[in-house]
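**Q** After the sequence you'll find the predicted model.
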Amino acid sequence: MCRIGSIKSKVAFSPSKALYLMLPQQEGHDNSGFAMVMQDLYGIFTPYKDKPLLSLACTQRGAQMVEDFMDSHNFEQVAEWIPVPNNQPGLDIKAMPYYIFRNYDYPEYYRDKPMSEKEELLLNVRLKLREILEAAGEGYVYSFWPDVLTLKEIGDPRDIATYFRLWDDNGCLMAKSIVVQCRQNTNYDIVRYAAHPFFLQGYTLCANGENTFYTKNKEFQKSLHRGYVGFESDSQNFLYTLHYVLHELKWPIKYYKHVITPLPFAEIDQREDKDVLKAIRQSLANLEINGPNTIIANLPDGRMLTCCDSKKLRPVVVGQTDDTVAISSEVCGLNEIMPDRDMSKDIYPNEREVVVIDNDLEVQRWKQ
């Protein structure tokens, strides 16, 4: 069983805070890996929030392949952060030779294009870079998006944090939103792409649990969008459905829950919106999920959400202070990073709701 967590704050914070959220839950995350997606970046990335940021891990040859591709497609590098590792003896980490986090300006002929066209360009570039690196066995590209940084690694989360100097809190790497998991994907082959959180066009998602409708979801999703690739983990289905419902269909967020865990027909028949809900069940039945799971997601507009399976077989809790909201698989994580919060206001989402945190940190509970 995985453990997942996220933090959304009015004040930029270091990745160490997300690590402190997760480490008390050690028994659930088995120390096999660490991954995070940081959004709304500060520190060294403050001046480049509108410039797409490429996050990748690769070999020296892979780095050159990426550089050649970006140059040939008229992307101009404007900034770069290459971590200087603390490679002390005894660290449990299967490190790649290079980790590159690089901001680019759009090609000149794209700079005045609408954001929708830029989004398609960034997705196409990431998919092509993934194809190139994967075919050569030279690396992994995780995200290419403005104001987003993705890091994934195999090993002990404490040692990974030591290697990347994430404990230092030196103000270099800061964000107002982080989604994190401290576990590799141990249900399938351990590959970096399989580690949560997953990212696609501004949507970030991680999950705690299993999706027994994985094959049904996967076969249907393959036909829906060119960005639905990989399928190294059954939890990627959750992200692709979130993207499809909100980005492609442009439906309100409340319908995501109706797609993945639809109500029984007997209950639908008692509702005023029964025609809509029946249409969803009939047209998107192959996106329904099953099994024990909890989801945490971040949206392109900055909102954060969490929801559970239809039987609530995986735990999750939401806690809040004046300037921060955190979501955690276990309350011990919240106790670690916000011990002075009013615990009586903690929210334990049930199986029939979506909890959404907006950009003012207002916590909304949407009943299915």
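**A** Yes, it's here. Residues are numbered from 1 along each chain as shown.

**Q** so Tyr244 touches Asn286, yeah?
**A** No. Tyr244 is beyond contact range of Asn286, at 11.2 Å (criterion: Cβ atoms under 8 Å). Where you see a C-beta, it was placed from the backbone N, CA and C, and this is true even at glycine.

**Q** contacting residues for Val179?
**A** The contact partners of Val179, taken as Cβ atoms under 8 Å, 6 or more residues apart in numbering, are 4-6, 36-37, 39, 197, 204-206, 296-298, 304.

**Q** Tyr244 and Asn286: who's more crowded?
**A** Tyr244 (23 against 15; other Cβ atoms under 10 Å).

**Q** Pretty sure the more buried one sits in a strand.
**A** No. Using DSSP: H, G, I helix; E, B strand; the rest coil, the assignment for Tyr244 is helix, not a strand.

**Q** Give me the residues contacting the lengthiest helix in the chain.
**A** Assignment by DSSP state H gives helix 115-136 as the longest helix of the chain. Defining contact as Cβ under 8 Å, 6+ apart, one finds that helix 115-136 is touched by 52, 54, 56, 58, 61-62, 65-66, 69-70, 73, 75, 106, 110, 113, 139-141, 143-145, 200-202, 226-227, 229.

**Q** top of the contacts of Val179 by neighbour count?
**A** Going by other Cβ under 10 Å, Ile4 tops the contacts of Val179 with 32 neighbours.

**Q** Could you verify my assumption that that residue touches Gly209?
**A** No. Using Cβ under 8 Å, Ile4 makes no contact with Gly209, being 9.5 Å away.

**Q** Give me the buried entries from the contacts of helix 115-136.
**A** 52, 54, 56, 58, 62, 65-66, 70, 75, 106, 139-141, 143-145, 200-202, 227, 229 (16 or more other Cβ atoms under 10 Å).

**Q** Keep only those of those that are in strands.
**A** Judged by DSSP state E, strands contain the following of those: Pro52, Leu54, Leu56, Cys58, Gly139, Tyr140, Val141, Ser143, Phe144, Trp145, Leu200.

**Q** shared neighbours, Ile4 and Gly209?
**A** Both Ile4 and Gly209 are contacted by Thr294, under the criterion Cβ under 8 Å, 6+ apart.

**Q** Quick check: bridge partners of Phe144?
**A** Counting by DSSP bridges, Phe144 is bridged to Leu54.

**Q** give the contact list for it.
**A** With Cβ under 8 Å, 6+ apart, Phe144 has these contacts: Pro52, Leu53, Leu54, Ser55, Leu122, Leu123, Val125, Arg126, Leu129.

**Q** Could you dump those into JSON lines and include pLDDT?
**A** Output for the contacts of Phe144, formatted as JSON lines (pLDDT from 0 to 100):
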{"residue": "Pro52", "pLDDT": "98"}
{"residue": "Leu53", "pLDDT": "98"}
{"residue": "Leu54", "pLDDT": "98"}
{"residue": "Ser55", "pLDDT": "98"}
{"residue": "Leu122", "pLDDT": "98"}
{"residue": "Leu123", "pLDDT": "98"}
{"residue": "Val125", "pLDDT": "98"}
{"residue": "Arg126", "pLDDT": "98"}
{"residue": "Leu129", "pLDDT": "98"}
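
**Q** Surely Pro52 is in contact with Asn103?
**A** Yes. Counting by Cβ under 8 Å, Pro52 touches Asn103, with 7.1 Å between them.

**Q** in this structure, what secondary structure element scores lowest on mean pLDDT?
**A** The least trusted helix or strand in the chain, going by mean pLDDT, DSSP states H and E, turns out to be helix 26-29, with a mean of 58.

**Q** Show me how far the longest helix of the chain is from its chain's centre.
**A** Here helix 115-136 is found 18 Å from its chain centre; the criterion is Cα atoms, centre = their mean, to the nearest Å.

**Q** Quick one: residues contacting Glu138.
**A** By Cβ under 8 Å, 6+ apart, Glu138 lies in contact with Cys58, Thr59, Arg61, Gly62, Met65.

**Q** Turn those into JSON lines, including pLDDT and distance to Lys222.
**A** Shown next, in JSON lines, are those (pLDDT from 0 to 100; distance: Cβ to Cβ, whole Å):
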{"residue": "Cys58", "pLDDT": "97", "distance to Lys222": "27"}
{"residue": "Thr59", "pLDDT": "97", "distance to Lys222": "29"}
{"residue": "Arg61", "pLDDT": "98", "distance to Lys222": "30"}
{"residue": "Gly62", "pLDDT": "98", "distance to Lys222": "27"}
{"residue": "Met65", "pLDDT": "98", "distance to Lys222": "27"}
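
**Q** Going by distance to Met343, which of those wins?
**A** Using Cβ to Cβ, Cys58 is the member of the contacts of Glu138 that sits closest to Met343, with 44.2 Å.

**Q** Surely the closest one and Phe101 touch.
**A** No. Counting by Cβ under 8 Å, Cys58 stays clear of Phe101, with 11.9 Å between them.

**Q** low-scoring stretches of the stretch 101-250 of the chain, by residue?
**A** Applying pLDDT under 70 to the stretch 101-250 of the chain flags the ranges 183-190.

**Q** Count the neighbours of the residue nearest to Pro292 when sequence neighbours are not counted for me.
**A** Nearest non-adjacent residue to Pro292, counting by Cβ to Cβ, 6 or more residues apart in numbering: Leu313, 3.3 Å away. By other Cβ under 10 Å, 14 other residues sit near Leu313.

**Q** swap in Pro24?
**A** 18.

**Q** so what's it up against?
**A** Glu330, Cys332, Gly333, Asn335, Glu336.

**Q** Please identify, among these, the one with the most neighbours.
**A** Gly333 (25 neighbours).

**Q** Could I get the contacting residues of that one?
**A** Residues near Gly333 by Cβ under 8 Å, 6+ apart: Arg3, Gly5, Leu21, Met22, Pro24, Gln25, Ala326.
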